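>>> Next comes the sequence, and after it the predicted model I'd like to discuss.
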Amino acid sequence: MRHEHYAHTAGQRRFARALEFLPGTLSWSILLGSVVLSFFVPVWVAVFIILFDLYWLLKVVYHIVYLVTSFRRLKENVSKDWLGRVLDHAKFPSIRHLVVIPTYTEGVNVLRSALDSIANSDYPNEKFFVVLAFEERVGREEAQARADQMRAEFGDVFGEFLTTFHPDDIEGEIAGKGSNQAWAAQQAVRRIEELGWNIDDVIVSVFDSDTVA
């Protein structure tokens, strides 16, 4: 039974490997085949090349049309007063923006730049709930020192400011950025419940610690 399973798995691996070679094989076959067949059926090769060129011409035109259209839409959207629309929204007074920033070994200068970027945005700072998510596996004392410094500098800048420390001994969990984000979000939800906010009125964003808008 084990042998049959191994053979089946090995066969699947060979099939997958063959599929990986397929695009390159087809490309080289077309190039070399066109050269070789031009000596035997030059007319058919010429027709194929013309059709192939026509295909790429249409593809380029297609991309140009959508590139121009997308650029125009981008300019149109950039020129809109999105903040004004948000401020006029009926639910804006109850809306909060949760920003989770996972960090590993980034220094205080990197974290400061990211937080300064958020603080200097057009969006009202009192609407932000910023969570700095640290990792315990880098050393609790070292992470705590960075957290304390950031709290001292930005603790009163935003509506809410929270620092979390992702444990490195959670059973069955794969350590990484995603698990750190999940842990931070769980702690943020607890704080939101303590504050009595409606969770449906909270917008969530996750930024890299070196994000500078």
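Structure's in. What do you need? Numbering: from 1, shown residues only.
>>> Every contact and neighbour count from this point should use C-alpha atoms.
OK.
>>> Please parse this structure into its domains.
2-78, 83-206 (automatic domain parsing).
>>> Check the average confidence over the first one, would you?
For domain 2-78, mean pLDDT rounds to 87.
>>> so how far is Gly33 from the residue lying farthest from the centre of the chain?
In the chain, the greatest distance from the average C-alpha position (C-alpha atoms, centre = their mean) is reached by Phe40, at 52.3 Å. Plainly put, Phe40 is 11 Å away from Gly33 if you go by C-alpha to C-alpha, to the nearest Å.
>>> same deal with Asp200?
Distance of Asp200 to Gly33, computed by C-alpha to C-alpha: 61 Å.
>>> ok, the two, which is more surrounded?
Ranked by neighbour count (other C-alpha atoms under 10 Å), Asp200 and Gly33 place Gly33 first, with 13 against 9.
>>> any idea which of the domains of the chain is most buried?
Ranked by mean neighbour count, these are led by domain 83-206 with a mean of 16 (mean count of other C-alpha atoms under 10 Å).
>>> ends of that one, how far apart?
End-to-end for domain 83-206, by C-alpha to C-alpha: 20 Å.
>>> follow-up on the earlier one: could you look up the SS state of the residue farthest from the centre of the chain?
Following DSSP: H, G, I helix; E, B strand; the rest coil, the label given to Phe40 is coil.
>>> helix/strand/coil for Pro129?
Just so we're on the same page, residue 129 is Phe rather than Pro. At Phe129, secondary structure determined by three-state DSSP is strand.
>>> Is it in contact with Thr163, as I believe?
No: at 10.9 Å, Phe129 and Thr163 do not qualify as touching, with contact defined as C-alpha atoms under 8 Å.
>>> tell me the contacts of Arg146?
By C-alpha atoms under 8 Å, 6 or more residues apart in numbering, the contact set of Arg146 is Gly107, Val108.
>>> Shouldn't Phe158 be within a strand?
No: assessed with three-state DSSP, Phe158 is coil; it does not lie in a strand.
>>> show me the contacts for it.
Ala119, Asn125, Glu126, Lys127, Phe128, Phe129, Val130.
>>> Save these as TSV, and put in pLDDT too.
Formatted as TSV, the contacts of Phe158 follow (pLDDT from 0 to 100):
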residue	pLDDT
Ala119	94
Asn125	96
Glu126	96
Lys127	96
Phe128	97
Phe129	97
Val130	97
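>>> Nearest to Ser179 among those?
Using C-alpha to C-alpha, Val130 comes nearest to Ser179 of those, at 17.8 Å.
>>> Could you give the bridge partners of the closest one?
Val99, Phe161 (DSSP bridges).
>>> How about the contacts made by it?
With the criterion set at C-alpha under 8 Å, 6+ apart, Val130 makes contact with Leu98, Val99, Val100, Ile101, Phe158, Glu160, Phe161, Leu162.
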